[in-house]
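Asks: return a 3D structure for these sequence lines:
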Amino acid sequence: MALPGFKVITLTDAAANRVKEIIARADRPIVGVRVGVKNGGCAGMSYTMEYAESVSPLDEVVEDKGVTVLIDPKAVLFLLGTEMDFQTTKMASQFVFNNPNQTSACGCGESVAITPAAPDKLQAAH
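Replies: Numbering: from 1, shown residues only. The predicted model follows:
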């Protein structure tokens, strides 16, 4: 769906290193992680991540910093321009999505409100 050479999301070094660790520690062969969004939570949507054992024909494939991240095709317009980070604090270690399409988040941080990017943004971003 995105233009050739344009990445729907980018990864920080910390996120890429964490994805490498996940792939190395997986209990089965995986090609990377699949990122998506799902409806739910008090703000309306939440980010999803899962092991990806293979590439689905409709996945948006992002290669960044030596790792493969697959974007669920239903999530591309919600994630366009997102930076995926991995942060460790005293209370938690987690992936964080710095998403320009996110309009708000719930107080507990479990869900977000995201406005999909306009399809013409794909053209302008390239």
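
Asks: quick one, helices of this protein?
Replies: Read by DSSP state H, the chain holds these helices, from start to end of the chain: 13-25, 76-79, 120-125.

Asks: ok, which of the ones you listed comes nearest residue 86?
Replies: Put simply, out of the helices of the chain the one that sits nearest residue 86 is helix 13-25, at 4.1 Å, with distance taken as C-beta to C-beta. Where you see a C-beta, it was placed from the backbone N, CA and C, and this is true even at glycine.

Asks: just to check, residue 19 is in contact with residue 64?
Replies: No: under the contact definition of C-beta atoms under 8 Å, residue 19 does not touch residue 64, with a separation of 9.2 Å.

Asks: counting neighbours, go ahead and name the busier of the two.
Replies: When neighbours are counted by other C-beta atoms under 10 Å, residue 19 and residue 64 differ, and residue 19 comes out ahead with 23 against 16.

Asks: quick one, what contacts the closest residue to the more buried one other than its chain neighbours?
Replies: Once its chain neighbours are removed from consideration, residue 19 has its nearest residue in residue 67; the separation is 4.3 Å (C-beta to C-beta, 6 or more residues apart in numbering). Residues in contact with residue 67 (C-beta atoms under 8 Å, 6 or more residues apart in numbering) are 11, 16, 19, 20, 23, 32.

Asks: how many residues are close by the fourth one?
Replies: The number of residues packed around residue 20, counting by other C-beta under 10 Å, is 14.

Asks: could you check how far it is from residue 77?
Replies: Here residue 20 is placed at a distance of 28 Å from residue 77 (C-beta to C-beta, to the nearest Å).

Asks: how about the strands in this structure?
Replies: Read by DSSP state E, the chain holds these strands, from start to end of the chain: 9-11, 32-39, 45-52, 60-64, 67-71, 82-88, 93-98, 102-105, 112-114.

Asks: now the ones you listed as JSON lines including mean pLDDT?
Replies: Compiled in JSON lines, those are given as follows (pLDDT from 0 to 100):
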{"stretch": "strand 9-11", "mean pLDDT": "95"}
{"stretch": "strand 32-39", "mean pLDDT": "91"}
{"stretch": "strand 45-52", "mean pLDDT": "89"}
{"stretch": "strand 60-64", "mean pLDDT": "93"}
{"stretch": "strand 67-71", "mean pLDDT": "95"}
{"stretch": "strand 82-88", "mean pLDDT": "93"}
{"stretch": "strand 93-98", "mean pLDDT": "89"}
{"stretch": "strand 102-105", "mean pLDDT": "70"}
{"stretch": "strand 112-114", "mean pLDDT": "61"}
